[in-house]
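Q: just the structure for this:
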Amino acid sequence: MTLNPALKDIWEHIRDLGLGALAHANRHAAYAAMENPRWPELSVLQAAHAAELLIKARIAQEHPLLIFEQLPRFNQASSPTLELEDLFKVGRTVQWSELPDRLWASTGIALQSRDIFDHFGKLRNGLQHFAPAPSKEAGEETLRFIFGVIDPFINECWDLFAVDYDEDYEPYVYFVEALTNREILFLVSPEAAAKFEDWDVDWSTVNEGYRETMMRRVKEAKSGSSI
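A: Predicted structure coming up:
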């Protein structure tokens, strides 16, 4: 079976969609909207979608067909070259619970905080299918998932930072405050560090260990050293 050239760079499209979903999840997790009180719960669905897309993007970067657990048979294909349409009709991609193992097997990358990943998948399924009240505030659950799992993952894969993906018109100013108020550790990008003076954060309200860790990360990001 000849690989369709259109599939070669599909991983970039998948990654970009994942980053868009990540920005949407950050927005809905960190803020409140009177016109739609379901933002926190929606952020869970969006963050889970972002994680799926981003992990699949990294797997597809190795080979686009590795994200599938079921592929079209030769007699099901519309041409000798596997077409995107055939994958849409017959293909079935790897499920959530299998993604970390497929990632490891295909790339050698072990997803950090597997327990958080598994728990968040159950939370997403519960909200999506049964809509129960979450055990914690849903927005906080989302942020802890993003910065405990997605943030280190995209940094390892593509040198990206989850803090850079937010739909607020004032990047870093209020979003960082939402993270520090919850004492959520996050990787600091050079762009975020350059805006440090604009962060709307009262450092006197957080514990000393958290403050010291974040100050060190800001300093390292400004100097360009490893975070």
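
Q: need the contact list for residue 169.
A: In this structure, residue 169 makes contact with no residue, judged by C-beta atoms under 8 Å, 6 or more residues apart in numbering. Quick note: C-beta positions are derived from backbone N, CA and C, even for glycine.

Q: so how far is residue 40 from the residue nearest to residue 200 when sequence neighbours are not counted?
A: If the residues on either side of it in the chain are set aside, residue 200 comes closest to residue 177, at 4.7 Å by C-beta to C-beta, 6 or more residues apart in numbering. Here residue 177 is placed at a distance of 17 Å from residue 40 (C-beta to C-beta, to the nearest Å).

Q: does residue 148 touch residue 114 like I think?
A: No - if you go by C-beta atoms under 8 Å, residue 148 and residue 114 don't touch, sitting 10.6 Å apart.

Q: between those two, which has more neighbouring residues?
A: Relative neighbour count places residue 148 above the other of residue 148 and residue 114, with 19 against 12, counting by other C-beta atoms under 10 Å.

Q: check contacts around the more buried one.
A: By C-beta under 8 Å, 6+ apart, the contact list for residue 148 reads 112, 113, 116.

Q: return the residues in contact with the second one.
A: Contacts were defined as C-beta under 8 Å, 6+ apart; by that measure residue 113 touches 148, 149.

Q: follow-up on the earlier one: next, the buried residues of the helix or strand containing the residue nearest to residue 200.
A: When secondary structure is defined using DSSP states H and E, the element that contains residue 177 is helix 175-181. Within helix 175-181, the residues that qualify as buried are 175, 176, 178, 179, 180, counting by 16 or more other C-beta atoms under 10 Å.

Q: in CSV, list those along with pLDDT.
A: Listed next are the buried residues of helix 175-181 as CSV, based on pLDDT from 0 to 100:
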residue, pLDDT
175, 94
176, 95
178, 94
179, 96
180, 96
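
Q: quick check, nearest of the residues you listed to residue 197?
A: residue 176 (11.7 Å; C-beta to C-beta).

Q: can you map out the helices along this protein?
A: Shown for the chain, the helices assigned by DSSP state H span residues 10-30, 39-62, 84-90, 99-107, 114-129, 138-145, 151-158, 175-181, 190-194, 208-223.
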